[in-house]
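Q: here is a sequence together with a model predicted from it:
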Amino acid sequence: NTNATVGNIANFGMVNFNYKATTTSDANPMLTISGGATTLDWGKFTYKGAMPTSGKLTLMKNTANIHLGATYTGAKELAGSDTTEAFIDTNNAAATATEILIKGYTFKGNALTPTTGSATEDVWAGRSVIGNTTTGNTLTVNGTTHRDAYGGWTAGTGTSKAAKKDSTGNTVNLISGTVRNIYGGFTSSDGGSATGNKVNISGGTVAPASGVGGTVYGGYISSATSAGDATGNSVTITGGSMGDVYGGFTAGMGKTTESTVSLGDGEHSLAAVTTINGTIYGGNKATDTGDTLNVNTNAVVGNIKNFAKISFKLDGAVNASDALLKLTGGATTGLDWAGVDVTPANYTFTPKTYEKRLFTLMENAAGISFMKNGDNTYSPLGAKERTSGGKYEYVIDTDNHSVNATRYVYVDGYQFKDNQAAYTAADGSHTEAWAGRTAVGNKVEGNALKVEGGTLTAAAYGGLVENNKLTAGGQPLTTGDAEKNTLTVTGGSVADG
């Protein structure tokens, strides 16, 4: 009922602690044992007192160890609320320990922006050690240093609540500061899922400590035997420095699908010091259904893997003179050509007579392969066409029109109908020029090119038809006509008309 020091205790049918703020100091152990090791039955250890306002209390301390043996079954739940839990456990969550403690955590609806921290200590917004589902928690790190950062962190078993084992709908915001790893939502409870969690990184550093870490996880399941899923999580990067990034990760048998990683917010360029040295994964599992990478601005990353879809935003904060996504960590493999797309679907542009290139979507000096699980995902499609206004096309294709791009994936744009164009001295020297052109077999008609000056070292065309589409069997299509196009040369130099 109060603080006490004894030599030892033995032969009790029940050991009960009753904390009252008026009779007990929570700054000291309620029972300090000084006469050698103590052996106790964990099932005969109870607590009936109130919860200290500090959130923790040392019930028993013995520096010579407290032995619970096989009776130890993990943390024991005390009365809590719909958002908080209280429990009794040893100081090291093991059967042999030096202290027995009461602790309390908030597992639901907590928002935390820490003002202090340590590189040797973790930080979290919501946490449970008796298996309560952590949900709706938000951690914002802004200028502090921590070991690992968790939006929600679920562990253990023993809760009597219906919502258990999962970590859902939690958020971590890294604005500045340093952490070892980030987990939007984390569960180690066997069978638990990590779903709908978010990580937003606008600055700061996610860096290894002693060679460990430096990784960002939207949702994470640590149990190797868990069948739970790490799905529907998201990571948005607008700044900061980090290594690998996972939308979802499980060490168990569940899925890591339907997660999203976004580079940029769609309105702004990445912060100037943004560094992503590692690989960005939709999930750590090979099955990537619904896993999406959104490239909303120019970015340089190590590599990408396990995405069903890669979407490039053409009308965002984009520098068209650079690749939207530059990959530097070796060859990129295992991508799905059908999943490479651009937004908006009706992108508008002003065509040039001598320059087809609108954007370089991807660049990798080591190559980019669209062979996935042994299948050639390029051959059923070939070049992919998007049309606008009935006379414009823009075309997504690899640099060599094959499954294994040498270095680039491009978007080229043409007007194939009713273009009245001129090539003049102000245009200088180029290889070729055209008025109407298609790369996917559209009918090229009603176009006229006037060459009035400048130099064309290869050719000039009133209309030019190419078709880089493929049949379902991977054979080149031969459709495409050119009608009622004209070429007039009144000046300049043309090698072949």
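A: Now that the structure is in, tell me what you want to look at. Numbers count the residues shown, from 1 in each chain.
Q: any low-confidence regions in the stretch 301-450 of the chain?
A: Scanning the stretch 301-450 of the chain for pLDDT under 70 picks out no residues.
Q: contact partners for Lys44?
A: Residues in contact with Lys44, defined by CB atoms under 8 Å, 6 or more residues apart in numbering, are Phe12, Gly13, Met14, Val15. C-beta coordinates here come from the backbone N, C-alpha and C atoms, glycine included.
Q: the third one: what's it in contact with?
A: In this structure, Met14 makes contact with Lys44, Phe45, Thr46, judged by CB under 8 Å, 6+ apart.
Q: cool, and the first one?
A: Phe12 makes contact with Lys44, according to CB under 8 Å, 6+ apart.
Q: check it and give its pLDDT.
A: Confidence at Phe12, expressed as pLDDT, is 92.
Q: kindly report the same for the last one.
A: Turning to Val15, the model gives it a pLDDT of 93.
Q: who are the contact partners of the nearest residue to it once chain neighbours are set aside?
A: Leaving out its chain neighbours, the residue that sits closest to Val15 by CB to CB, 6 or more residues apart in numbering is Phe45, at 5.2 Å. By CB under 8 Å, 6+ apart, the contact set of Phe45 is Met14, Val15, Lys76, Ile88, Ile100.
Q: which among those residues count as buried?
A: Buried members of the contacts of Phe45, scored by 16 or more other CB atoms under 10 Å, are Val15, Lys76, Ile88, Ile100.
Q: from those residues, which shows the smallest pLDDT?
A: Lys76 (87).
Q: that one reaches Ile88, doesn't it?
A: Yes: counting by CB atoms under 8 Å, Lys76 touches Ile88, with 4.6 Å between them.
Q: so where's the stretch 101-250 of the chain uncertain?
A: Checking the stretch 101-250 of the chain against pLDDT under 70 turns up nothing.
Q: so what's the nearest residue to Ser429 once chain neighbours are set aside up against?
A: Nearest non-adjacent residue to Ser429, counting by CB to CB, 6+ apart: Thr455, 4.0 Å away. Taking CB under 8 Å, 6+ apart, we find Thr455 in contact with Gly428, Ser429, His430, Gly492, Ser493.
Q: how far away from the center of its chain is stretch 324-332?
A: With CA atoms, centre = their mean, to the nearest Å as the basis, stretch 324-332 stands 17 Å off its chain's centre.
Q: ok, Thr71 touching Gly43?
A: Yes: counting by CB under 8 Å, Thr71 touches Gly43, with 5.6 Å between them.
Q: now the end-to-end length of stretch 321-335.
A: 24 Å (CA to CA, to the nearest Å).
Q: my error: substitute stretch 473-492 in the last question.
A: 45 Å.
Q: ok, back up a step: what's the pLDDT at the residue nearest to Ser429?
A: 97.
Q: just the one 4 residues further on next, same as before
A: Per-residue confidence at Ala459 stands at 95 (pLDDT).
Q: beta partners for it?
A: Beta-bridge pairing for Ala459 (DSSP bridges): Glu432.
Q: that one touches Glu432, doesn't it?
A: Yes: taking contacts as CB under 8 Å, Ala459 lies within contact range of Glu432: 4.7 Å.
Q: the two - which one has more neighbours?
A: Comparing Ala459 with Glu432 by other CB atoms under 10 Å, the one with more neighbours is Glu432, at 19 against 15.
Q: ok, now which ones touch the more buried one?
A: By CB under 8 Å, 6+ apart, the contact list for Glu432 reads Tyr354, Leu456, Thr457, Ala458, Ala459, Ala460, Tyr461.
Q: PyMOL command for the buried members of those?
A: Selection of buried members from the contacts of Glu432 for PyMOL, criterion 16+ other CB under 10 Å:
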select buried, resi 354+456+460+461
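Q: just flag the most distant two among the contacts of Glu432.
A: Pairwise distances across the contacts of Glu432 (CB to CB) peak at 14.0 Å, for the pair Thr457 and Tyr461.
Q: now do the strands in the stretch 51-200 of the chain.
A: Secondary structure of the stretch 51-200 of the chain (DSSP state E, counting those that start in this stretch): strands located at 56-67, 76-78, 84-90, 96-106, 111-112, 123-128, 134-135, 138-145, 148-154, 167-168, 171-179, 181-187, 194-195, 198-201.
Q: can you put these in a markdown table and add distance to Ser259?
A: Below are the strands of the stretch 51-200 of the chain laid out as a markdown table (distance: least, CB to CB, whole Å):
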| stretch | distance to Ser259 |
| --- | --- |
| strand 56-67 | 35 |
| strand 76-78 | 32 |
| strand 84-90 | 28 |
| strand 96-106 | 26 |
| strand 111-112 | 23 |
| strand 123-128 | 20 |
| strand 134-135 | 18 |
| strand 138-145 | 19 |
| strand 148-154 | 15 |
| strand 167-168 | 13 |
| strand 171-179 | 15 |
| strand 181-187 | 10 |
| strand 194-195 | 9 |
| strand 198-201 | 10 |
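Q: ok, which of those comes nearest Asn3?
A: With CB to CB, the closest approach to Asn3 among the strands of the stretch 51-200 of the chain belongs to strand 56-67: 10.0 Å.
Q: for the closest one, which residues meet the burial criterion?
A: Neighbour count says strand 56-67 has Leu57, Thr58, Leu59, Met60, Lys61, Asn62, Ile66 buried, by 16+ other CB under 10 Å.
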